[in-house]
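Peer 1: sequence first, predicted coordinates after that:
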Amino acid sequence: MTANPLDLEEHLQVTPITISPSTMIEWTRPEPLSALARRCIESLQPGDYEIYDEKLRNFLEEAREVFVRSGVTGMLRAGDLIVAVYTANGDLANASAGTYLHCVTAMLPVKFVMSKYYGNPTVGVQDGDIFYANEARYGGIHNPDQMAFMPVFHGGELIAWVAALTHNPETGAIEPGGMPVTARSRHDEGMKLTPIKIGENFRIRDDMLDMMENFTSRAARMQAIDVRARITGCDRLRRRISELAADRGNDFVRGLLAKLIVEAEQATRRRISRWKDGVYRSTAFMDTIGPTSCLVRGSLAATKHGSDITFDFTGTSPENDGPYNCFPHITAAHAAVTMYAFQFHDLPVSNGALAPFTWIVPEGTVFNADPDAAISSSPMINSLTVSVVQQVFARMMFSSEDRPQVTGNICCQPCSPLVAGPNQHGVPVAELDNALLNTDGHGARQDRDGVDAYGFAYGHATRAPDTEDSELEQQFLRLYFRLRADSGGVGTFRGGTGTEAALVLWNVPFAAWAVYATSSYVPITLGVFGGYPAASAPGISVRNTDLSQKFRRGDADIPRDTIELATQRAIQGEYHFEHTNRPTRAGIEGDVIVATTGGGGGYGDPLARDPELVVQDIRDEAISEWTARTLHGVVYDPATLLVDHDATKAERAKARKERLSRGKPWAEFQAEWSTLRPAEHALTYFGSWPEGVANHPLERT
Amino acid sequence: MKMQITENLDVDVDARVWSCHHCGAALGAAEANYKESCLVAARDPEEIWQPHVREEVTFSYHRDWCRIVEFYCPGCGWLIEVEVLPPGHPITHDIELDLDGLREPQKGAH
Ligand SMILES: [Zn+2]
């Protein structure tokens, strides 16, 4: 049965918006339900939705598997991807995602194509077309994230869109690795493809592939293979949807996709309604904008009323001339990684879940920067978003049945070393260390510790790839890669510990390296309700080392963790101590790069932690004896680790008394506090103190 | 009617006051920031995270950049909340409940 042409035209409409980086976020809201979609939903029979929702999920899983098996990059293998199905006018119906970031952003290029090119005779949308995009201005996160998307036609009608997206760690920017720390404007960031057609009649155009390889010539092989992987994943899903249409009809597919969005919105609103109305605020700070260490503030006021939430980011720091900026849809995407993974974890992954949200993101802030701003480190600056969003939800949800979902912050400080250059096989590789990236600590909860090295807040289902595998492909081996003691936030329940690794450049004469990370001077992964933040990440490296002699001699004093490496200094060489975020520099064989991931935030007063759990933490090397004594007030026999409960009780009573004498009444505290000010060099990009209003012009060329 | 709002805080929606969940100590008007009724201390990060080296980075955070501001219950010394702030930065008013809405909990449910 063919749909009425007028109905079909309305069904394909995308709400007109001003197309600009600061307004693309408006398309994250679901399109109004068309008359055709409404009729298609109504014509679904009992059981159809339940059965075919599941079937659709199987299609998504299959396409994802095909995608992963077709590609080569570490980020793809780690699962940093999305495979998604959209309505014909670009609303996200459901997805299989390793990261929820793209659940917000990947629909925007689809809507852009429908809005601008669908009826355009120079482009058009035909069965067999293959579209491609990696430009954040048109809805992406940053240009390493490349997506392929295809229309799904059946019986001559456009019934859906499908997409496959993953991160490519080379973009042809001024530094290798796709996230150039020294980028000062968009012109330093390499290949940025607006949504374009790169294939027709189900064939990829070679001229388009050649263009992309030319842009990414530092590691063209990864580009060439993974473009095909994206399209292969995409096309598998397209085929399955079109088979479903052949089996059950176009109206059935339209009804199923539309219902997923309607259902998600209704369920999301029901959930929000059970939280307490009010305004919830959080403020968090970072200590870098990439090339420069400085304070940056993220501010969020979340107003929850009935089933609606307004996120207002007023008070966030001014944009800067480094790459730590972004656009509003990118901030929304980083809010959504929390929302889809926790608050709405059991609902369809559709933008119906975004319908209750209104976003206020002031222009000129790091979250709503100039269209020419460098934004390639947008995931880094959004550590602020991931932190403050978790904080406001913890407060909003505590007194509801959703309390089990309340946590100290899940680590919000991604840490990824990047190493680039020919590997031991002579193949050029520019790749992140995804093992570190995917072993952050989880936040503590009301009744349990956070999971150690659980994963990555930005990618709820990504995983650390096999370390042997990556040492085969990459230019380094690891002296150690282990859980890091004292990295989880202390509390009644402890934040999960993060990890630490020392990478040695090995089997290559030289390589370029960088580390993308934050939180050496100021914590960003916060605790909640009296729990402490996660620990500081020191930036340590050792250059011109004697490691090759040490290996040959079989020395037994190779350090087994970072504190030992930094304090014992068994490796001869030049020791460097700096902020953990380190722009690209050259290294030679034997150089050691230390990188540490963050733990999770703690939950509740540390003096209320069960003393038996504290000594168990010592046994597990999760915390030091210093922490046990200083923060938990636990008294135990250091030889047997047996707790002296009476002495602990007395020690804790003493500690509470000390708090009462240390703490000052508000007025007295304010009188002293308000005279303080951070170090001047920390305020370079903060704006006016403490308002944070931009106070110097930016040099963007 | 008393309601638990966080791990450490209750609010009495009729009397419109905050109180400590552990000892019941009053923590000011529910419209105001409960932090103003706590005892407050701004701590050097090295009191919370042990430094291991005296270099540009120490394994602890940096006191020129931030302090760990702790809010204690004046009644029982419980650590009600912790805030990370640059020295001198204004304190956050983190929870401002719709107190009228709290008295009719189903309001707004669709
Ligand atoms: Zn108390």
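Peer 2: Done, it's in. Numbers count the residues shown, from 1 in each chain, chains lettered A, B, ... in the order given.
Peer 1: all helices for chain B, in order.
Peer 2: In chain B, the helices defined using DSSP state H lie at B:99-103.
Peer 1: and the residue lying closest to B:R43 once chain neighbours are set aside, what does it touch?
Peer 2: Excluding the flanking residues, the one nearest B:R43 by Cβ to Cβ, 6 or more residues apart in numbering or on different chains is B:I68, at 4.6 Å. Heads up, the C-betas are built off the backbone N, CA and C, glycines and all. B:I68 makes contacts with A:532-533, B:42-45, B:47-48, B:82-84, as judged by Cβ atoms under 8 Å, 6 or more residues apart in numbering or on different chains.
Peer 1: again with A:F367
Peer 2: So A:F367 contacts A:298, A:313, A:316, A:325-328, A:330-331, A:361, A:381-382, A:385 (Cβ under 8 Å, 6+ apart).
Peer 1: may I ask which two of the residues you listed are separated the most?
Peer 2: Pairwise distances across the contacts of A:F367 (Cβ to Cβ) peak at 15.2 Å, for the pair A:G298 and A:F327.
Peer 1: ok, A:G441 touching A:E500?
Peer 2: No - counting by Cβ atoms under 8 Å, A:G441 stays clear of A:E500, with 11.7 Å between them.
Peer 1: re earlier: of the contacts of A:F367, which is the nearest to chain B?
Peer 2: The nearest member of the contacts of A:F367 to chain B, counting by Cβ to the nearest Cβ, is A:G298 at 11.7 Å.
Peer 1: the strand or helix carrying that closest one: what's the following helix or strand?
Peer 2: For A:G298, the host element (DSSP states H and E) is strand A:296-305. Sequence order places strand A:308-312 as the next helix or strand after strand A:296-305, per DSSP H and E.
Peer 1: returning to that earlier point: now tabulate the contacts of A:F367 in TSV and tack on neighbour count.
Peer 2: Listed next are the contacts of A:F367 as TSV, based on neighbours: other Cβ atoms under 10 Å in any protein chain shown:
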residue	neighbour count
A:G298	28
A:F313	24
A:T316	27
A:N325	27
A:C326	31
A:F327	29
A:P328	24
A:I330	31
A:T331	29
A:V361	22
A:I381	31
A:N382	29
A:T385	30
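Peer 1: so which of those residues belong to helices?
Peer 2: A:328, A:330-331, A:381, A:385.
Peer 1: if we can go back for a sec, may I have the strands that pair with the strand holding A:G298, each with its orientation?
Peer 2: Strand pairing for strand A:296-305, using DSSP bridges, gives strand A:278-286 (antiparallel), strand A:308-312 (antiparallel).
Peer 1: model confidence over the last one, on average?
Peer 2: Averaged over strand A:308-312, pLDDT sits at 98.
Peer 1: then it to CSV, C-alphas only?
Peer 2: Extracted in CSV, the C-alpha atoms of strand A:308-312 (Å, rounded to 0.1, in the frame of the first residue of the first chain):
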residue,chain,number,x,y,z
ASP,A,308,9.9,19.0,32.7
ILE,A,309,13.6,19.8,33.4
THR,A,310,15.4,23.0,32.3
PHE,A,311,19.2,22.8,32.3
ASP,A,312,20.6,26.3,32.5
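Peer 1: buried set for it?
Peer 2: A:308-309, A:311-312 (16 or more other Cβ atoms under 10 Å in any protein chain shown).
Peer 1: centre of the chain to the strand holding A:G298, how far?
Peer 2: In terms of Cα atoms, centre = their mean, to the nearest Å, the centre of strand A:296-305 is found 19 Å from the chain centre.
Peer 1: CA atoms only for that strand, dumped as PDB, please.
Peer 2: The C-alpha coordinates for strand A:296-305 follow below in PDB (Å, rounded to 0.1, in the frame of the first residue of the first chain):
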ATOM      1  CA  VAL A 296      37.500  26.800  33.900                       C
ATOM      2  CA  ARG A 297      34.100  26.700  35.500                       C
ATOM      3  CA  GLY A 298      31.000  24.700  34.600                       C
ATOM      4  CA  SER A 299      27.800  25.900  36.200                       C
ATOM      5  CA  LEU A 300      24.400  24.200  36.100                       C
ATOM      6  CA  ALA A 301      21.000  25.100  37.500                       C
ATOM      7  CA  ALA A 302      18.500  22.400  36.900                       C
ATOM      8  CA  THR A 303      14.900  23.400  37.400                       C
ATOM      9  CA  LYS A 304      12.600  20.500  37.700                       C
ATOM     10  CA  HIS A 305       8.900  21.100  37.500                       C
END
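Peer 1: pLDDT on it, on average?
Peer 2: 98.
Peer 1: do stretch A:588-596 as well
Peer 2: Averaged across stretch A:588-596, pLDDT comes to 98.
Peer 1: give me the distance between the two termini of that stretch.
Peer 2: Stretch A:588-596 has an end-to-end distance of 21 Å (criterion: Cα to Cα, to the nearest Å).
Peer 1: is any residue of it near chain B?
Peer 2: No - using Cβ under 8 Å from any Cβ of the partner chain, stretch A:588-596 stays clear of chain B, coming no nearer than 9.4 Å.
Peer 1: sorry, back to before: tell me which of the strands paired with strand A:296-305 sits nearest to A:A355.
Peer 2: Comparing the strands paired with strand A:296-305 by Cβ to Cβ, strand A:308-312 comes nearest, at 9.2 Å.
Peer 1: contacting residues around that closest one?
Peer 2: In contact with strand A:308-312 (Cβ under 8 Å, 6+ apart) are residues A:272, A:300-303, A:335, A:356-360, A:389.
Peer 1: now, of those, which are buried?
Peer 2: Buried, going by 16+ other Cβ under 10 Å: A:272, A:300-303, A:335, A:356-357, A:359, A:389, out of these.
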